[in-house]
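**Q** the sequence and its predicted three-dimensional model are supplied below.
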There are 2 protein chains.
Amino acid sequence: MRASVFHVLLIERGEDPQAGMQALPGGFLSNETEGVHDAALRELREESGLDASELHIEQLAAYGEVGRDPRGRVLSVAYMAVAPGLPEPIAGTDASDASWVPVDDVLSGRVSLAFDHWQIVCDGVERARSKLERTSLALAFCDRTFTLTELQQVYEGVWGCQLDPRNFYRKVQSIPRFVELVGTVRRAAAGRPARLFRSGGGKVLYPPLVRPVSSEP
Amino acid sequence: MRASVFHVLLIERGEDPQAGMQALPGGFLSNETEGVHDAALRELREESGLDASELHIEQLAAYGEVGRDPRGRVLSVAYMAVAPGLPEPIAGTDASDASWVPVDDVLSGRVSLAFDHWQIVCDGVERARSKLERTSLALAFCDRTFTLTELQQVYEGVWGCQLDPRNFYRKVQSIPRFVELVGTVRRAAAGRPARLFRSGGGKVLYPPLVRPVSSEP
DNA sequence: TCAATAGTGTCTTTAAGACAATATTTT
DNA sequence: AAAATATTGTCTTAAAGACACTATTGA
């Protein structure tokens, strides 16, 4: 299996301002009885067809400086949802404007985004990188059961570095309540079958899994 | 010198809703030409007399669930400013409704707050505790020059734990670009004068200064 | 010289980093 | 048997934790 790549879901804007640009899915709060969290779920569903109610989702920050949107001082509350590898959005549906883009292409500017969405992606990526160290967030990138190789690929993909599998195995299994062995095994195309793990229930990693220094230049 | 205590600035609300309750300083955005960051500085100045433009200030999060404010779905964008020990707000001024309250009194519920401000304080405290590990945020709690004892008291006060001064001295001075010796010395009432340090310019602590496990039960 | 505070040194334990070898599967 | 992947183990180095002692001041 090749290495996992950390992607972000983008849509192509259909309307001005910035029609045709790539952007994060989003929209405006509806009526007064909708909280910001629900609005985030609704907008994601409307624009990409994804239901994040079963995913890890957390608020990133609010963006409300003047000039970030030509319509005036628009206040955006950004959320980050985390999911394991998902299928491509299906053309011809509600989600046909959506696509998964490697975060590196966004961070580096190879894909440019509308408004200040580049900054929002940066903040989200840094949030994810940081929480991988001290929380079990990495499991949100995995299915309910997973192999340690898959878990390692999450860390490598998000941190953008290579980790030694032997040291990773030892470290991960030494953190109390991080992962827990389930009896079964996953059979791959070739090679020795991998043992399956699930969450050990712990939310805080202690001692933390500290990323190598190279990750932030 | 006795241990430092981590405080939060609260005001007594003068108007309904929740008149008379303790609350975080805040208010509404003014006109369309004011960004959220500037609004935070303005409200802090108006309600407490503090000028945070020279302080460390960062956004915490946005709070916008229904039911958090009786006036409807009010969206609050919370900011956290960090300062070294400050004088008591002076009675008879704009700031006379403001006071410094130990965060423990808020977290424990001994002092109860209006709206969902308890949650906001919790989030801010956790943000500070967490950033002390991997960033030089602790220096924002110190004057421009400081002693290592003072720095240790910041960590102890924010984390709510005791640290061994010998291990702390060694650890702090081993982190590249964290602190830097300045030639001079601070003379206290009694005892050996302490060497003064200043920021070493680094913003990221690597290796991190990990808090002991007891801090989060 | 005593009380108070600052700072250094040493030993032990634990975790991280760098490696090589063995195990279990499919083809 | 060969290729592919998973897993375990060892040695070295670095960091954390637990200690006791020395240094420099004011009273």
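**A** Thanks, I have the structure now.

**Q** confirm that A:Met80 sits in a strand.
**A** Yes: assessed with DSSP: H, G, I helix; E, B strand; the rest coil, A:Met80 lies in a strand.

**Q** that one: neighbour count?
**A** 23 (other C-beta atoms under 10 Å in any protein chain shown). For every residue, glycine as well, the C-beta is placed using N, CA and C.

**Q** not counting sequence-adjacent ones, nearest residue to it?
**A** Counting by C-beta to C-beta, 6 or more residues apart in numbering or on different chains, A:Gly124 is the residue found nearest to A:Met80 once chain neighbours are left out, at 4.6 Å.

**Q** can you tell me which residues contact A:Gln22?
**A** A:10-13, A:101, A:111-114 (C-beta atoms under 8 Å, 6 or more residues apart in numbering or on different chains).

**Q** are any of those residues buried, and which?
**A** Using 16 or more other C-beta atoms under 10 Å in any protein chain shown as the burial test, those include A:10-11, A:13, A:101, A:111, A:113-114 as buried.

**Q** looking at these, which are in strands?
**A** A:10-11, A:101 (DSSP state E).

**Q** for the buried ones among the contacts of A:Gln22, which one is nearest B:Arg195?
**A** Nearest to B:Arg195 among these, counting by C-beta to C-beta, is A:Leu113 at 48.3 Å.

**Q** before we move on, the earlier item: okay, who's weakest in the buried ones among the contacts of A:Gln22 by pLDDT?
**A** The lowest pLDDT within the buried ones among the contacts of A:Gln22 belongs to A:Arg13, with 92.

**Q** out of the contacts of A:Gln22, which is nearest to A:Gly191?
**A** A:Gly191 lies nearest to A:Val101 out of the contacts of A:Gln22, by C-beta to C-beta, at 30.6 Å.

**Q** partner residues bridging the closest one?
**A** A:Val8 (DSSP bridges).

**Q** tell me the buried residues in the helix or strand containing the residue nearest to A:Met80?
**A** Taking DSSP states H and E as the definition, A:Gly124 sits inside helix A:117-134. The neighbour-count check on helix A:117-134 (16+ other C-beta under 10 Å) flags A:117-118, A:120-121, A:123-125, A:127-134 as buried.

**Q** ok, is it in contact with DNA strand D or not?
**A** No: residues of helix A:117-134 are not located near DNA strand D by C-beta under 7 Å from any atom of the strand, the shortest gap being 13.0 Å.

**Q** thinking again about what came up before, quick check, the residue nearest to A:Met80 in contact with A:Tyr63.
**A** No: judged on C-beta atoms under 8 Å, A:Gly124 makes no contact with A:Tyr63 at a distance of 11.7 Å.

**Q** now do the shared contacts for those two.
**A** Common neighbours of A:Gly124 and A:Tyr63 (C-beta under 8 Å, 6+ apart) are A:Ala78.

**Q** circling back to that earlier point, what is the nearest of the ones in strands among the buried ones among the contacts of A:Gln22 to DNA strand D?
**A** Set against DNA strand D, the nearest of these by C-beta to the nearest atom of the strand is A:Val101 (25.5 Å).

**Q** surely the closest one touches A:Leu10?
**A** Yes: in this structure, A:Val101 is within contact of A:Leu10 by C-beta under 8 Å, at 5.1 Å.

**Q** quick check: residues of chain A near chain B?
**A** Residues of chain A that fall close to chain B, judged by C-beta under 8 Å from any C-beta of the partner chain: A:29, A:32-37, A:59, A:61-62, A:64-66, A:72-73, A:75, A:77, A:130, A:133-134, A:204, A:206-208, A:210, A:213, A:216.

**Q** are any of those buried, and which?
**A** Neighbour counting over these (16+ other C-beta under 10 Å) leaves A:29, A:35-37, A:59, A:61-62, A:64-65, A:73, A:75, A:77, A:130, A:133-134, A:206, A:208, A:210 as the buried ones.

**Q** just those: which are in strands?
**A** A:59, A:61-62, A:77.

**Q** switch these over to TSV; also include distance to A:Ala138 and pLDDT.
**A** Shown next, in TSV, are those (distance: C-beta to C-beta, whole Å; pLDDT from 0 to 100):
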residue	distance to A:Ala138	pLDDT
A:Gln59	19	98
A:Ala61	22	98
A:Ala62	26	98
A:Val77	25	98
